[in-house]
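> coords please:
(chains A and B)
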Protein chains: 2
Amino acid sequence: MRTHYCGELNSQHIGQIVTLCGWAHRRRDHGGVIFIDLRDRTGMSQIVIDPDTPEAFALAETVRNEFVLKITCKVRPRPEGTVNPNIPTGEVEMLASEIEILNPSLTPPFMLDDDNLSETVRLEHRYLDLRRPAMQKNMMLRYRVAKTLRDYLDTAGFIEVETPMLTRSTPEGARDYLVPSRVHHGMFFALPQSPQLFKQLLMVAGFDKYFQITKCFRDEDLRADRQPEFTQVDIETSFLNENQIMDIVEEMIRRMFKQVQDIDLPNPFPRMPFSEAMNRYGSDKPDMRVTLEITELTDVMKDVDFKVFSGAANMAGGRVAGLRIPGGSALTRGEIDAYTEFVKIYGAKGLAYVKINDITKLNEEGLQSPIVKNIHVNALQAVIKRTGAQNGDLVFFGADKAKVVNEALGALRAKVGHEKGHVDGRTWAPLWVVDFPMFEHDEEADRWVALHHPFTSPKDGHEDLLTTNPGAALSKAYDMVLNGWEVGGGSVRIHRQEVQSKVFDALKISAEEAQEKFGFLLDALQYGAPPHGGLAFGLDRLVTLMAGAESIRDVIAFPKTQRAQCLMTKAPNEVDEKQLRELHIRVRQQNVAG
Amino acid sequence: MRTHYCGELNSQHIGQIVTLCGWAHRRRDHGGVIFIDLRDRTGMSQIVIDPDTPEAFALAETVRNEFVLKITCKVRPRPEGTVNPNIPTGEVEMLASEIEILNPSLTPPFMLDDDNLSETVRLEHRYLDLRRPAMQKNMMLRYRVAKTLRDYLDTAGFIEVETPMLTRSTPEGARDYLVPSRVHHGMFFALPQSPQLFKQLLMVAGFDKYFQITKCFRDEDLRADRQPEFTQVDIETSFLNENQIMDIVEEMIRRMFKQVQDIDLPNPFPRMPFSEAMNRYGSDKPDMRVTLEITELTDVMKDVDFKVFSGAANMAGGRVAGLRIPGGSALTRGEIDAYTEFVKIYGAKGLAYVKINDITKLNEEGLQSPIVKNIHVNALQAVIKRTGAQNGDLVFFGADKAKVVNEALGALRAKVGHEKGHVDGRTWAPLWVVDFPMFEHDEEADRWVALHHPFTSPKDGHEDLLTTNPGAALSKAYDMVLNGWEVGGGSVRIHRQEVQSKVFDALKISAEEAQEKFGFLLDALQYGAPPHGGLAFGLDRLVTLMAGAESIRDVIAFPKTQRAQCLMTKAPNEVDEKQLRELHIRVRQQNVAG
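A predicted model of the protein is given here:
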């Protein structure tokens, strides 16, 4: 129907007769002439309807916002003084000769230009919300990212293989979404939390380099940046070691940023051991744009009078650490109180601090803080020396189990860093975190659990530690971190049965239990599994970062709310009794008491 | 680890030292030397291990089928007389200097070379089945098809948008797979039967050209070529009419065949009205390679004595038709009996026929058949004239409701055509079937039902027929047929509310019911929906055809059986009571009686 898109007309088209199709973004009547901004996927064109074309003029008078129009018009330069240099079509306007109303529109429930819409209203009328240029841009960006990744992976010899959506429930990891079987009474499929097992089986099957951009499902309580269904860029390779795998996907991400947004990411990405990330940044996904660092103080606090510090320093698995804030003496009481509240989210009981007035005076005069009198000079000296504190700085302290200290100071580091401008000016700071421990200790259950997943390979030479000292065993796992977000993660997998058995032993998973849960993978490993490994990227999160969006919901066409509902279709909904009967299930009575 | 793939070595590499990784496809000991065919995704290399390298030789002696090996070797020409011109690497062999067993293998449950494996065994050990070169080729083909389609659609200005997997159940069409909600007691998501409603909403949202390669789900009783989850190439466009849409996707399919398999499909594809397809071929997806045609005889059989014919000819909606088989007099009694049994599958009560001995004698001498004596000469003359029958031919007859006649003779046409060689020699015969009726009459419920779906637009000028004569209203629907398979289908949709209401009226869907089922779409249509339409291709079926595979299961990595089970993972399975409790459902007691 159209000859051109609205957004592509410019001074080169002057004099041409064109036909455009799109939506009336805005109608203005000015000086006896009607102006319609006609909008399509590509942008806007300013249409002028003159009383000299009475038929078109009469129709144009009936046009309201969001009417669908087909307009034939002549491209001409805008009169002097009305050129709009901010839009690509700003040099021209189109004089309409013919207008057809392809479809009228009710008055939309909100103005598309309104930037302060409630998300509820937007999600209820998502088909209108998605018309907004910002959302169109986000969806285009998402598509371009996926296409560029696919093209790179194709060139690099990967093939996309689809794995099943209706698969087997394994009561490990997050909660499964279940799908009752009609054919098999009392049996259920599960929607995949990831294609992990299938991609490993594809390596056993010899596909060598696999990828898939696919939906995964986790029935978790939803945080701000989670969705019940999310999209994963899933990758697996054979006969490559962890560095080769990281090299390939790092190059993929670098090229994608360059092609899609003309951004140059560093080459190579820095790689940092997990232990260093935790010690220096209190996080396994540090935002490297933030220049603040955490300082180890455990050793010097063991014998101070301040019990909070010496208690933590002497506790098994305890840690005392400092966070120097340059110029932090200027923080107000109110700011410090707010930060104290903030760290409590992470389990910290308080937030000790010292304001540095004069580093030459290691007493309550030079160091302003109620705790100084209970900390001996050696320790204070170490604080000054190790943090590199200068007059006018402030040092926050964390003292607790290492996990709490790291999470609290790690989060505080990022928060203070961004709020107070302790950032290095980079827009993008990617990082590989490597050398993760194989296991972390579950205090409650008093057992080791897999930090990554139970198929992750130990580092070469760490196989014996699986038995002798599981906590010291490191793995061939790696995470890609971007601006403090984990955007991807993976590992080299175990391909030999005897190593897999040792890991199950360390995890106290019996042979029977392992067989019951992952039998088909364990079987497969015995029939010539190649060395293999891979990783997965969270597409939603990656695109959210690139779009500078506030929520992953802004880069998903039809997202769910945090209550796991679709406000537009009203899903989930009640279904017919007949459907439940066919599936051999019934709904339980609602527990009135709770 | 490797320097080359196994399948890429040829005489150009002679003299090079290469490292290969792969699977021992076969080991032979011959003349004091060991030969290993090393296999990877790309093909095979013949490795020679000589007793001169004692370490490698000793290891090679322990190698069994499917061991994973890393071999360093020197490429050399094969000795004269041992060149194998049938494989790309057949001119060279690799003299091993070093062998590493990366992983041993148990003896596989079947030989990969065995072409007569039971599908059950193959599916139980799918990771081994997928190692077979034929399956590797199928999966590669599938990937190449999808990638090529994506590239074409990208160039044509389409963008891929992901639509939800957890969506709303609409008790229309096939049976839904349901997913119980944990957060919302007694409520369920449904897995999408297609993204139909969402893609229409994306057009309302102004995306202009959408596509998605995505999983769809139907909980139907499975026929040979159906799967509970299947993959659809889903397409929707705005501001294009049906011919423009067909042109775009026809070009997509043509280019894809050319790029992937170097096949030239006709340009353009022929387009045939539904009524002609039914009349001439008894099918809305005729295999155009078959040269047989059905002949209309209803009008001439109204007053014959043979009650089966005259009864059908005078019945409302009845049809009498013939199918001429050139040279068919040679059919044996047994063959004719078998064809008679075959048409009973389609509801035919029998299969009358006439063998043409002498067309100049319109009696029981010239026309050999028990029915001839009860058919008057005028009718016999019409049979001969209209079918174009010659001496030595046979004419089959169908007489019943038109639906039964068409299905029976349509299927018989394809069967006899292929079995008896009445085909035109083409490998690929694509066809568009167009001008479908809007509705078909459901005899049982005595009401009209949508032939395509209730959002399909009537043809221009047929809007009034929706009310006055629904059975005569034609739609803007179209199916792409390839070699007798429907590979794709779609339509221009209704974009105006008043037309949609007329269709719901014809379908006897009340405003309340429509609002309950499709409210969000009907709402969306009122806010400036553009004219739009699209279609969907069944990727599994398309690839099955291109692969020449026997079943769509052969082009799906991890398919379900006809009983909707995954034999490898044993899904579906029983789940923990705790999981069911969290989802607020319980399993019904098994009904012992039935």
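
> which bits of the stretch 201-350 of chain A sit near chain B?
Along the stretch 201-350 of chain A, the residues adjacent to chain B under the rule C-beta under 8 Å from any C-beta of the partner chain are A:201-202, A:204-208, A:215, A:217, A:219, A:228-229, A:231, A:238-241. C-beta here means a position set from N, CA and C on the backbone, and glycine is covered the same way.

> just the buried ones from those?
Neighbour counting with 16 or more other C-beta atoms under 10 Å in any protein chain shown marks A:201-202, A:204-208, A:215, A:217, A:219, A:228-229, A:231, A:238-240 as buried within those.

> give me the subset of those residues that lies in helices.
Cross-referencing these against helices under DSSP state H gives A:L201, A:L202, A:V204.

> what residue ranges in chain A score low on pLDDT?
In the predicted model, chain A carries pLDDT under 70 at residues A:171-172, A:223-224, A:591-594.

> return the distance of A:I294 relative to chain B.
A:I294 sits 38 Å away from chain B, going by C-beta to the nearest C-beta, to the nearest Å.

> count of neighbours near that residue?
When neighbours are defined as other C-beta atoms under 10 Å in any protein chain shown, A:I294 has 26 of them.

> contact partners for it?
Contacts for A:I294 (C-beta atoms under 8 Å, 6 or more residues apart in numbering or on different chains) come out as A:N279, A:R280, A:Y281, A:G282, A:A321, A:G322, A:L323, A:N406, A:L409, A:G410, A:R413.

> now render those residues as CSV, adding secondary structure.
Listed next are the contacts of A:I294 as CSV, based on DSSP: H, G, I helix; E, B strand; the rest coil:
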residue, secondary structure
A:N279, helix
A:R280, helix
A:Y281, helix
A:G282, coil
A:A321, strand
A:G322, strand
A:L323, strand
A:N406, helix
A:L409, helix
A:G410, helix
A:R413, helix
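
> now, which of the residues you listed sits nearest chain B?
Comparing the contacts of A:I294 against chain B with C-beta to the nearest C-beta picks out A:G410 as the nearest, at 30.5 Å.

> surely the closest one touches A:V290?
No - contact criterion C-beta atoms under 8 Å: A:G410 and A:V290 do not qualify, at 10.2 Å.

> neighbour-wise, which of the two wins?
Shown here are A:G410 and A:V290; by other C-beta under 10 Å, A:G410 has more neighbours (26 against 22).

> quick one: residues contacting the more buried one.
Residues near A:G410 by C-beta under 8 Å, 6+ apart: A:Y281, A:G282, A:S283, A:P286, A:I294.

> could you rerun that using 6 Å?
A:Y281, A:G282, A:S283 (C-beta atoms under 6 Å, 6 or more residues apart in numbering or on different chains).

> got the buried residues for stretch A:309-328?
Buried residues in stretch A:309-328 (16+ other C-beta under 10 Å): A:309-310, A:312-313, A:318-326, A:328.

> oops, could you answer that again for stretch A:372-388 instead?
Within stretch A:372-388, the residues scored as buried using 16+ other C-beta under 10 Å are A:V372, A:I375, A:A379, A:L380, A:A382, A:V383, A:I384, A:R386, A:T387.

> the residue nearest to the fifth one when sequence neighbours are not counted: what secondary structure?
This points to A:A382. Distance criterion C-beta to C-beta, 6 or more residues apart in numbering or on different chains; nearest residue to A:A382, sequence neighbours excluded, is A:V300 at 4.2 Å. Here A:V300 is recorded as helix under three-state DSSP.

> hang on, A:V300 packs against A:A379?
Yes - at 4.6 Å, A:V300 and A:A379 qualify as touching, with contact defined as C-beta atoms under 6 Å.

> let me have the buried residues of stretch A:372-388 in a markdown table, extended by secondary structure.
Shown next, in a markdown table, are those (three-state DSSP):
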| residue | secondary structure |
| --- | --- |
| A:V372 | helix |
| A:I375 | coil |
| A:A379 | helix |
| A:L380 | helix |
| A:A382 | helix |
| A:V383 | helix |
| A:I384 | helix |
| A:R386 | helix |
| A:T387 | helix |
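
> strands of the stretch 401-550 of chain A, start to end?
Ranges of strands within the stretch 401-550 of chain A are A:430-434, A:439-442, A:447-450, A:477-482, A:485-492, A:532-538, based on DSSP state E, counting those that start in this stretch.

> reformat those as JSON lines; add mean neighbour count and distance to chain B.
Converted to JSON lines, these look like this (neighbours: other C-beta atoms under 10 Å in any protein chain shown; distance: least, C-beta to the nearest C-beta, whole Å):
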{"stretch": "strand A:430-434", "mean neighbour count": "22", "distance to chain B": "20"}
{"stretch": "strand A:439-442", "mean neighbour count": "16", "distance to chain B": "19"}
{"stretch": "strand A:447-450", "mean neighbour count": "17", "distance to chain B": "19"}
{"stretch": "strand A:477-482", "mean neighbour count": "24", "distance to chain B": "18"}
{"stretch": "strand A:485-492", "mean neighbour count": "22", "distance to chain B": "12"}
{"stretch": "strand A:532-538", "mean neighbour count": "24", "distance to chain B": "10"}
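
> many thanks, have a good one.
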